[in-house]
Structures are given as C-alpha cells and as structure tokens.
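> this is a predicted model, with the sequence first.
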Amino acid sequence: MKIQAFRALRPAPSKVNEVASVPYDTINTDEARELADGKPWSFLHVIRPEIDLAPDCDVHDASVYAKAAESFQRFQDEGVLLREESPTLYLYRQQMGEHIQRGIVACCHVEAYDQNQILKHEKTRQDKEDDRTLHVKALRANAGPIFLTYRDSDVIDAIVADVESQEPLYHITSPDGVIHTVWTVADGAGLQKAFESIPCVYIADGHHRSAAAARTARELAAANSNHTGTEEYNWFLSVLFPSTQLQILPYNRCVHDLNGLTEAAFLVELRRQFRVLDSATSSPAGACHVSMYMGGRWYGLSWDAPEGGDPVAALDVSYLQDKLLSPVLGIEDPRTSERISFVGGIRGTDELEQIVDSGRAAVAFAMHPVSVDQMMDIADADRIMPPKSTWFEPKLRSGLLVHTLD
C-alpha cells in the first residue's frame, strides 16, 4: 500500500471542540440542525449544509453544495481551519469505554481503489454516490475520511506506540463520551515504508465516499490535458486501523408490517425455519441466533450453521433475509424496500422495543454482530455483504483533518 502525507486543513486548537462533529451519514437533517443550533463553527455546516437553508429545501439541490462550499471557505477565512505548514501524517486514537483503537490518518491513491488493492464488501447506491461526488467537487476537498482496516503489522504497531508517547495535537471528549486524541507523526517516511509491506486494505466504512473520491479523480483527470497521476486530486483522505482493534456492533432490523399475516400465522411460518423460544433475552446468544421482538415479547430464534463454506451464506443477516424476510415478510430487496428500516447497535435494543410498541414497526430483529474477519473474508472472495451488515463504533469525528484536492 502507498500512503501519502498531506497538508491538512485542521481546526485551530482553541476551536477544535466547536468544530469536530458527528459524520454526515449518522444523523438526519433535523438531528443535524438541532446539534448545530447556536454553534456557528460546527463542521455540520459543511457536511450537512442544508441545515442553513429553508426546511423544505431538496438536500440534493445545487444550492446545498454551494452552501457547503461557502461555509467551508468561511471556516478558512475566519481562521477556524488552518493549513498545516508541511505534508504530515497523523495518529488518531479513539477510546470508547474500555475499547481503544488507533488509526493512521493519511491519503490513499485512487489507483489502489480502482485496482482492488482497497477491497470492498458493499455495493454503492447511485444517488448516494452522486451526492458525495457533488460534495467533494464543490469543496474540492475530502471533508470526511474513509475508514479502512488492514491485517495487523508489528512494525506499524511499534511506530504507533512511539508516537503515542508524545504530546498530542488534540485531545477532546465528544458529547457521547468518546475520547479523541490526535498526534502528528514525526517519522512519516518510516510509516510510509511500513505500509509498503501491507498487500491490501479493506473498507470498513465509507464505500460511497471512496467511490466518490475515485470518480472525482477520474473526472478531474479527464479535464486536465496535463494529467500525470501525481496531482493531489488522485489522493483521498483515509484513516487506517489494524483489524484486531476494531469493534463491530450489530445492525438491527425493523419490519413495518407482517405482510398481511396475523401474529399467530407469522409464528407458524417462523417455526418452519427456526427453533423458536417463546421467552428470550433481547441480545442473541451468539452466531446463528437472533432475538425477535413482537407483541411486547422477546423471542429467541436459532438454527444450525449453513454448510458449504460460503462466507456470505454464513452470515446471520443472510440467513434471516433468505429464510424469513424475503419468503415470509416479502422484503425481497432490503436495499430498496420501504417496509424495512435499520437501527445501529449503538442505539441499543430498547430502541427496537420503542419502535414496535409505538406502532412504527410490527416486528424487530436484534442481530449478533458480524466479525471483522468475516468482513475481510468476504472482501477477499470478491463477494458482497447484505446491506446494513456492519455498524462500526466508535465513529470518526468529522472536521478534525481535511484533505484538499489542490
């Protein structure tokens, strides 16, 4: 893998707490507007620019991307975002309770993405890819990093340990209690050399952002008669974490109706495919187990692990989709169906109960989380995971480090 240092735009130390925000895709417009209320330097003004426009504004209107560029420029003009003096690599550590993960903030080349040295496990949606591409081109910057992972390296770990012993650049605690610490890396050349021994990396989170970065690079290259491949637009912002440090939470499912079945008839169909406990806890015991909430009660569903060695078929989300959601509940394509919604595990199973008890869904399924190894095995096999299979925590804060294309 080739990684490159970059001259980041980053918050003035006195402003970092005000600037750092949640990622754009973890909240909706109303939530973003509430979080940014009274906070003129929240990076949400850049990554969720519709919050500064009329409430009925189409979030894909050209005015939204223009507003993002305007706010981004304002942050620079007012000295809230400062330009790093020289190309730099960074260490970004996150602590969520007892869990700690350490990533290298760097730029990766779009050639690695196009040549599948950066491996994917999800399909992208055209509308979301279009949105991120327009956002990158409006800002001429990567406002949010792609979350990448690699198989652990003792050499990289040793460099990280040395950096971690130094005085940090930033040390903040976000409102959710996660501690975010950033260091500059003095031995950037040593890290770059160490990553040359990493054969490939995996997208953990950010398939649409990475696709948009590659697409933007192709479009800018086509418009540049003197394109060489070394231009800054060929590189995109990433944070690279060792795989053993990552934490995946479950990605739960809520189905809005029972596809015309009564609860009793639905349970009959359920028992044809699963072993069913009529009283269970809200958290599944392990793989090949799902906890289901319906009618004010938690049920336990279990099955034998599928044979054959197919890494996708082995996923609990695949079994649930193939044996229940599609044939019984009529959710043929969870990517496009409006009858299913997904709830990140960080919200807890109480959220599932509230959704069903309020009538917004008829049934909810609490999943056991996918493992990082499962994700990498599927990517290695050039296969695709079902939608909404992984929920990584903690999330990267946006606005701490920004890569510009010029």
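Looks like it arrived, so ask away.

> care to break the chain down by domain?
Partitioning the chain according to automatic domain parsing yields domains covering residues 86-247+393-404, 251-368.

> show the average pLDDT along the longest one.
If I follow you right, that is domain 86-247+393-404. Summarised as a single mean, pLDDT over domain 86-247+393-404 is 96.

> quick one: contacts of the helix or strand harbouring Gly348?
With secondary structure defined by DSSP states H and E, Gly348 is part of helix 348-357. For helix 348-357, contacts defined as Cβ atoms under 8 Å, 6 or more residues apart in numbering pick out 252, 254, 282-283, 291, 293-294, 296, 341, 343, 361-364, 366. Heads up, the C-betas are built off the backbone N, CA and C, glycines and all.

> also stretch 20-40?
So stretch 20-40 is contacted by 11, 18, 42-45, 47-48, 50-51, 59, 143-144, 172, 174, 180, 208, 344, 395-400 (Cβ under 8 Å, 6+ apart).

> give me the element the residue nearest to Ala280 when sequence neighbours are not counted is part of.
In this structure, Ala280 finds its nearest non-sequential neighbour in Gly300, 3.1 Å apart by Cβ to Cβ, 6 or more residues apart in numbering. Here Gly300, judged by DSSP H and E, is contained in strand 297-302.

> what about that strand, distance to the chain center?
29 Å (Cα atoms, centre = their mean, to the nearest Å).

> elements contacting the helix or strand following that strand?
Sequence order places helix 316-320 as the next helix or strand after strand 297-302, per DSSP H and E. In terms of contacts (3 or more Cβ pairs under 8 Å, 6 or more residues apart in numbering; DSSP states H and E), helix 316-320 is packed against strand 251-255, strand 289-294.

> next up, the contacts around Ile248.
Contacts of Ile248 were listed using Cβ under 8 Å, 6+ apart, and they are Pro369, Val370, Ser371, Val372, Met375, Thr390, Trp391, Phe392, Glu393.

> try 6 Å
Residues in contact with Ile248 (Cβ atoms under 6 Å, 6 or more residues apart in numbering) are Pro369, Val370, Thr390, Phe392.

> can you tell me which of the contacts of stretch 20-40 are buried?
Buried residues within the contacts of stretch 20-40, defined by neighbour count using 16 or more other Cβ atoms under 10 Å: 11, 18, 42-45, 47-48, 50-51, 143-144, 172, 174, 180, 208, 344, 395-400.

> please flag which of those residues sit within helices.
Counting by DSSP state H, the part of the buried ones among the contacts of stretch 20-40 found in helices is Glu18, Leu44, His45, Ile47, His208.

> next secondary structure element downstream of the top strand by length along the chain?
Identified as the longest strand of the chain according to DSSP state E is strand 99-109. Sequence-wise, the next helix or strand downstream of strand 99-109 (DSSP H and E) is helix 110-114.

> buried residues, that following helix. List them.
Neighbour counts using 16+ other Cβ under 10 Å place Val110, Ala112, Tyr113 of helix 110-114 among the buried residues.

> same check, this time on stretch 15-28
Under 16+ other Cβ under 10 Å, the buried positions of stretch 15-28 are Lys15, Val16, Glu18, Val19, Ala20, Ser21, Val22, Pro23, Tyr24, Asp25, Ile27.

> biggest separation within those, which pair?
Lys15 and Asp25 (23.7 Å; Cβ to Cβ).

> returning to that earlier point: pull the most distant pair out of the contacts of helix 348-357.
Greatest spacing in the contacts of helix 348-357, by Cβ to Cβ: Ser283 and Ala362 (20.9 Å).

> the more surrounded of the two?
Taking neighbours as other Cβ atoms under 10 Å, Ser283 and Ala362 compare with Ala362 leading, 20 against 16.

> so for the ones in helices among the buried ones among the contacts of stretch 20-40, which is the shakiest by pLDDT?
For those, the weakest pLDDT value sits at His208, with 94.
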